[in-house]
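S.K.: mind looking at a prediction? Sequence and model below.
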Amino acid sequence: MHIFSIIITGLYVLTVNAHKNKYTCKHTGSNDFHFRGTALGGWMVLEPWITPSLFYQFLGASEKDKVGMDSMSFCEALGPEEANKQLRRHWQSWVTEDIIKNLHDSGATTLRIPVGDWMYEPYEPYPDCWEGSLDEIDRVIALCKKYKMGVLIDVHAMKDSQNGLDNSGETVDLVWHEDNSFEHWDLRSGDWVGHFNRTTQSYTDIDRDNLLHGLRVIKNIVQMYKHEPTVVGVEPVNEPWEHTPIDLLKEWYWHAYQIVQEDAPHWITLFHDSFRLNVETWGDFLKGCPNFGIDTHIYQAWAWKADPSWFIEHACTDNGAVRELEQKGIPVVVGEWSLATDNCAMWLNGFNDNLDGYPKVECEMVACPEPYMGQPGAPPDPSKGKQGPFGTGDSTPDHGMCPIDQYYSNEDEIMHNLAMAKLNLFDLASHGQFFWNFRTELEDRWSFQKAVARGWLPSKDEWENNYNSLKEEIVASCQKPPSEEVYWTSGMIIVTVVSVLLVVALACSIGMVACRAAERSDSFCGNCINRVQAYFNGYSPVESQRQPEYPPALEMR
């Protein structure tokens, strides 16, 4: 009770202008850890894109309360009895002993297990719907112990949603229309910490009951597993969205850290960066404290269409904040990443929905696979076209065909090279990484098992018995000079740009002579001359219309 009286006081007297070094430890602690593994996503916290077979049954539903698109609505649409019946089959089938053994044999040393907060501090509609889930967690922990792998408990879903997405347990601020369509992406918010005002882009009030609820969840997890040597750590909350008040979040993280340190000081506590990985935000957070890390999620799946060389180059050169923080003594773990280079994975942006303008490439269409367990409505009826209800974007089965990532002609070579480039930062320059996900029904680029089997990711033997050679290959992947094709392309671009500018300059020069001869000084003549001069001086007087390399939803799943 003592620690919770401190927590309650701390949350209620929280000041917005926190001192820069408020969350530090007096004595330098050890952070001698390194994770290398994958995550059991889609198991305890449902995500339709990972296990579409669970959600095909909702295609064609004409009533909104009969549509499941996340953990909460799955329970509500089916009712607790039927939902629990299907979930028990799912839990037993999606993660089996053979799969755990395969993950070990594939080189994973630690598994990140996403869980819902309701499993440890129940609330409606979950108590009956999720009955038996903790027994399943115990089953998998025992299997990990058998195969000598560690477990990190990841609180992936928080009450009222920390980011508004299906991976938080609840798709928040979803609006249904009379035609049985729905809208979400332009309206979503994370209501876990309070009420978000979309007009002011700020929180009008803070939900301290939810914050205390979250801390009780952490307390319960610690008490439940603190004597289990297989459990090596906890992540108090996954992906709180970027509008979460950062000082409030740090205060909550600090209290969560104290709870872990009190009863399980040997655990590693990971804190997600809230999509703000930079030295200014995290450079002094928990400085000198033991057994913690900043978790960041780095994806290229939401990038614009580009050649494979672009993705490899940016895997090598982007995300310098990881190295900067590590150099300052702040451990960083890349808690999620994949090999996807496009947004084609069906339902990646929500059940029967998509982000505006996505996908950026033409997706492959393949026969929707047979389900991994007996399941109603799976696979989709090939005699039926696209079935609603529909969101604002397009991503859905069509006559039994499902969209998947666009493959390259030399897929295995490109994916291997891309993986090596990513590991150069994610593994060698950090405190470790977790590939997302351990498996999916449709997508190899999102599957740790498939990526290792196809030779994209290093094998267990390479990590353990040929590490020096593997390390040399990983380092060399970001030291290769650009290919002749890149040089040729760059040269052609330069020649083209210079040629265009010369033509424009010549035209403006002729026009300037004509203007002076006619004694004109209007905007046409002046703007033409000014713009040519500006371009040759290295800038444009007009705001660039170039699209950004990544959209705002870069790291959101």
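M.R.: Great, that's in hand. Numbers count the residues shown, from 1 in each chain.
S.K.: can you give me the buried ones in whichever strand or helix holds Met224?
M.R.: Element membership of Met224, judged by DSSP states H and E, is helix 208-225. Using 16 or more other C-beta atoms under 10 Å as the burial criterion, the residues of helix 208-225 that qualify are 210-215, 217-219, 221-222, 225. From N, CA and C alone the C-beta is placed, and that goes for glycine too.
S.K.: where does the protein dip in pLDDT?
M.R.: Along the chain, segments meeting pLDDT under 70 span 1-21, 28, 480-557.
S.K.: all strands of it, in order?
M.R.: 35-39, 110-116, 150-157, 175-176, 182-183, 194-197, 202-206, 231-235, 268-272, 292-297, 332-336, 364-367, 401-404, 432-435 (DSSP state E).
S.K.: what angle separates the helix holding Met224 from strand 110-116?
M.R.: 140 degrees (axes from the mean of the first three to the mean of the last three C-alpha atoms, to 10 degrees).
S.K.: redo the buried residues of helix 208-225 as a markdown table? Include distance to Ser106.
M.R.: Listed next are these as a markdown table, based on distance: C-beta to C-beta, whole Å:
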| residue | distance to Ser106 |
| --- | --- |
| Asn210 | 38 |
| Leu211 | 38 |
| Leu212 | 40 |
| His213 | 37 |
| Gly214 | 33 |
| Leu215 | 36 |
| Val217 | 31 |
| Ile218 | 30 |
| Lys219 | 34 |
| Ile221 | 27 |
| Val222 | 30 |
| Tyr225 | 25 |
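S.K.: thought Ala419 was touching Ser338?
M.R.: No: counting by C-beta atoms under 8 Å, Ala419 stays clear of Ser338, with 9.9 Å between them.
S.K.: which neighbours do these two share?
M.R.: Shared contacts of Ala419 and Ser338, defined by C-beta atoms under 8 Å, 6 or more residues apart in numbering, are not found at any residue.
S.K.: what's the distance between the closest residue to Arg88 other than its chain neighbours and Tyr120?
M.R.: Excluding the flanking residues, the one nearest Arg88 by C-beta to C-beta, 6 or more residues apart in numbering is Gly132, at 5.9 Å. Gly132 sits 14 Å away from Tyr120 when distances are taken as C-beta to C-beta, to the nearest Å.
S.K.: okay, those two: which has more neighbours?
M.R.: With other C-beta atoms under 10 Å as the criterion, Gly132 and Tyr120 differ in neighbour count, and Tyr120 comes out ahead with 21 against 11.
S.K.: CA atoms only: put stretch 56-71 into CSV for me.
M.R.: Taking Å, rounded to 0.1, in the frame of the first residue of the first chain, the C-alpha atoms of stretch 56-71 are listed here in CSV:
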residue,chain,number,x,y,z
TYR,A,56,-13.4,-13.4,-42.0
GLN,A,57,-16.6,-14.3,-40.2
PHE,A,58,-17.5,-10.6,-39.9
LEU,A,59,-17.3,-9.9,-43.7
GLY,A,60,-20.8,-9.0,-44.9
ALA,A,61,-22.1,-8.1,-41.5
SER,A,62,-25.0,-5.6,-41.8
GLU,A,63,-25.1,-4.5,-38.2
LYS,A,64,-22.2,-2.6,-36.6
ASP,A,65,-22.6,-4.4,-33.3
LYS,A,66,-22.0,-7.7,-35.1
VAL,A,67,-18.6,-6.7,-36.5
GLY,A,68,-15.4,-7.6,-34.7
MET,A,69,-12.3,-5.7,-35.6
ASP,A,70,-10.2,-5.9,-32.4
SER,A,71,-10.1,-7.7,-29.1
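S.K.: buried stuff in it?
M.R.: Result for stretch 56-71 [16+ other C-beta under 10 Å]: buried residues 56-59, 61, 67-71.
S.K.: who touches the residue nearest to Arg88 in this structure?
M.R.: Contacts of Gly132 by C-beta under 8 Å, 6+ apart are 84, 87-88, 91.
S.K.: again, only using 10 Å
M.R.: For Gly132, the contact set (C-beta atoms under 10 Å, 6 or more residues apart in numbering) comprises 84, 87-88, 91-92.
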